[in-house]
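Novice: no sequence for this one, just the structure:
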């Protein structure tokens, strides 16, 4: 699907970063038809949330499984094969060449799309250097994006700060999915590279991942609808 073909509602991915399936299902019910796309990450997946993927898919929702797989190629491939049977739309892997190659090969024949995580949005140059990387964030993101494109990865998870440069680098052949999205006035939490929804879409983000600002709000549905309203004008521009 080309970026221009993505329905506006599908561009908002609400992260179900909640402690259990019961809480996640209650949040989905509260959000109703205002949200069509959900992310299930470590917290919910390890609390028995993976069967929720099929349940949401059967309800017509899309699901992004955010497990950031990274292991030897065979292990990654077997994991991707299992996840592909759940009915998810997106799955993340870390952007290491062996990992990306194994994941792309294992998802063949399914509708699952592989997203490569370039550099976590909680990292800055200092964090990378402390971890032993010689490259800074922007250089490492671009290098990994080029590798991902060559290997046939479907999209990239990146900070909205890197979207404009990545769009020039990979064109519109890859989906750009951006966490670290914070509506104006929302707390940044542990994110270091953040952006508002409207600015992220204007920069070229295809999908926005929003967790705490929605699920911790007094009125989650109102916040989700406000985000969708905020991104509509830049999409129409």
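Specialist: Sure, I can see it. Since we're looking at a predicted model, the values are computed, not measured. Numbers count the residues shown, from 1 in each chain.

Novice: Check which residues of the top helix by length along the chain are buried.
Specialist: Longest helix in the chain, counting residues (DSSP state H): helix 220-236. Buried residues in helix 220-236, defined by neighbour count with 16 or more other C-beta atoms under 10 Å: 220, 221, 223, 224, 225, 227, 228, 230, 231. C-beta here means a position set from N, CA and C on the backbone, and glycine is covered the same way.

Novice: how many other residues sit next to the closest residue to residue 71 other than its chain neighbours?
Specialist: Once flanking residues are discounted, residue 71 sits nearest to residue 99: 7.2 Å by C-beta to C-beta, 6 or more residues apart in numbering. Using other C-beta atoms under 10 Å, residue 99 has 25 other residues around it.

Novice: Touching, residue 99 and residue 73? I think so.
Specialist: Yes - between residue 99 and residue 73 there is a contact at 7.3 Å, judged by C-beta atoms under 8 Å.

Novice: which SSE is residue 119 in?
Specialist: Per DSSP states H and E: residue 119 is located in neither a helix nor a strand.

Novice: Could I get the pLDDT score of it?
Specialist: Residue 119 carries a pLDDT value of 86.

Novice: what separates it from residue 159, distance-wise?
Specialist: Distance check for residue 119 against residue 159: by C-beta to C-beta, to the nearest Å, it reads 8 Å.

Novice: can you list residues touching both of the two?
Specialist: The contact sets of residue 119 and residue 159 overlap at 137, 141 (C-beta atoms under 8 Å, 6 or more residues apart in numbering).

Novice: Low-confidence stretches in this protein?
Specialist: 1-4, 184-194, 237 (pLDDT under 70).

Novice: quick check, nearest of the buried residues of helix 220-236 to residue 22?
Specialist: Of all the buried residues of helix 220-236, residue 22 sits closest to residue 220, with 15.8 Å by C-beta to C-beta.

Novice: if we can go back for a sec, how about the buried residues of helix 220-236 in CSV, adding distance to residue 104?
Specialist: Converted to CSV, the buried residues of helix 220-236 look like this (distance: C-beta to C-beta, whole Å):
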residue, distance to residue 104
220, 35
221, 36
223, 35
224, 32
225, 36
227, 31
228, 31
230, 34
231, 29
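
Novice: downstream neighbour of whatever helix or strand residue 101 lives in in the secondary structure list?
Specialist: Assigned by DSSP H and E, residue 101 falls within helix 97-106. Downstream of helix 97-106, the first helix or strand assigned by DSSP H and E is strand 113-117.

Novice: mind checking the SS state of the residue sitting nearest the centre point of the chain?
Specialist: By C-alpha atoms, centre = their mean, the mean C-alpha position of the chain lies nearest to residue 177, the distance being 4.9 Å. Recorded secondary structure, residue 177: strand (DSSP: H, G, I helix; E, B strand; the rest coil).
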